[in-house]
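Coordinates only, no sequence provided:
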């Protein structure tokens, strides 16, 4: 496959602050989260998932959501999104002037029942008022289809099931759909099959991939998606966030690793890799450990010997 068939530009949505940090056991101060947002946008990221409006009882790491959103020095051209599981969450998102709300539905009935005690269809209907309210306030609605490539409870998930969820999410007014390999079990062939199903209903400009690196397949899965023309991906600075369903597993694919891959393919991202590595080193330092990103560790080591 020649490089000319790849997208010329790829947009990355950094989800480290939300999807990453929510899986970190140690609390991170609001000031450090705000600093990370500033570093990410300074590195050139234009889509940042900042926090979630969920009950602090369930996700204590996100209890400072309003404080973090209020503390950000917003840059024109940057979209700040927040996860909103229900109308109460939406009220928080609205009060904090989020640009986009993120909703989610599982492609596995077992996962839906175990996580939110209801069927997939019921879970999506619960989001209808959220999507309608967001539209009424001029906010974009992005939806994630979780466990689209495998479920910790039922195992395999069929492309039919994913396609059904995609159609249901579009039906309630979703603008953008992300196909998420929540537990990182997907392989390139499966990713291609699932993305092709989603592409039947979602325009490429509003379709994204969200890959975890549990089995070391995230970059390969992104490459397979690029070959289909998919040009938006969720990534996590420094590879933040383990996977709660696979003990000891890595979480989201690291933003630094994806940028290195894309730049190597001649694809533009608008992101400065050196400044991105600085951002990853900053938050990893806050957490008291090395970044999970291979590229980050390699470049930091190279700097240290220079």
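Sure, I can see it. Treat the numbers as computed from the prediction; the structure is a model and nothing was measured.

Of all the residues in the longest helix anywhere in the chain, which ones are buried?
As assigned by DSSP state H, the longest helix anywhere in the chain is helix 120-136. Neighbour-count burial for helix 120-136 flags 120, 123-124, 126-127, 130-131, 133-134 (criterion: 16 or more other C-beta atoms under 10 Å). Placement of C-beta: from N, CA and C, glycine included.

So which residues make contact with that helix?
Helix 120-136 is contacted by residues 84, 86-87, 89-90, 93-94, 101, 103, 105-109, 112, 116, 118, 140-141, 143, 165, 168-169, 172-174 when judged by C-beta atoms under 8 Å, 6 or more residues apart in numbering.

mind running it again at 6 Å?
84, 87, 90, 101, 103, 105, 109, 112, 116, 141, 168, 172-173 (C-beta atoms under 6 Å, 6 or more residues apart in numbering).

for those, which one is nearest residue 205?
residue 141 (14.8 Å; C-beta to C-beta).

thinking again about what came up before, just among the contacts of helix 120-136, which is most surrounded?
Counting neighbours by other C-beta atoms under 10 Å, residue 84 comes out on top of the contacts of helix 120-136 with 29 neighbours.

mean confidence score for the helix or strand just after the longest helix of the chain?
As assigned by DSSP states H and E, the chain's next helix or strand after helix 120-136 is strand 140-146. Averaged over strand 140-146, pLDDT sits at 98.

What of stretch 166-183?
97.

Quick one: end-to-end length of that stretch, please.
Stretch 166-183 has an end-to-end distance of 19 Å (criterion: C-alpha to C-alpha, to the nearest Å).

With adjacent residues omitted, what lies nearest to residue 115?
residue 106 (6.7 Å; C-beta to C-beta, 6 or more residues apart in numbering).

Can you name the residues that contact that neighbour?
By C-beta under 6 Å, 6+ apart, the contact set of residue 106 is 112, 146-147.

ok, now how distant is it from residue 136?
If you measure residue 106 against residue 136 using C-beta to C-beta, to the nearest Å, the figure is 26 Å.

any idea how far residue 305 lies from residue 266?
With C-beta to C-beta as the criterion, residue 305 and residue 266 are 28 Å apart.

Show me which of the two is the more surrounded one.
Remark: of residue 305 and residue 266, residue 266 carries more neighbours, 10 against 5, as counted by other C-beta under 10 Å.
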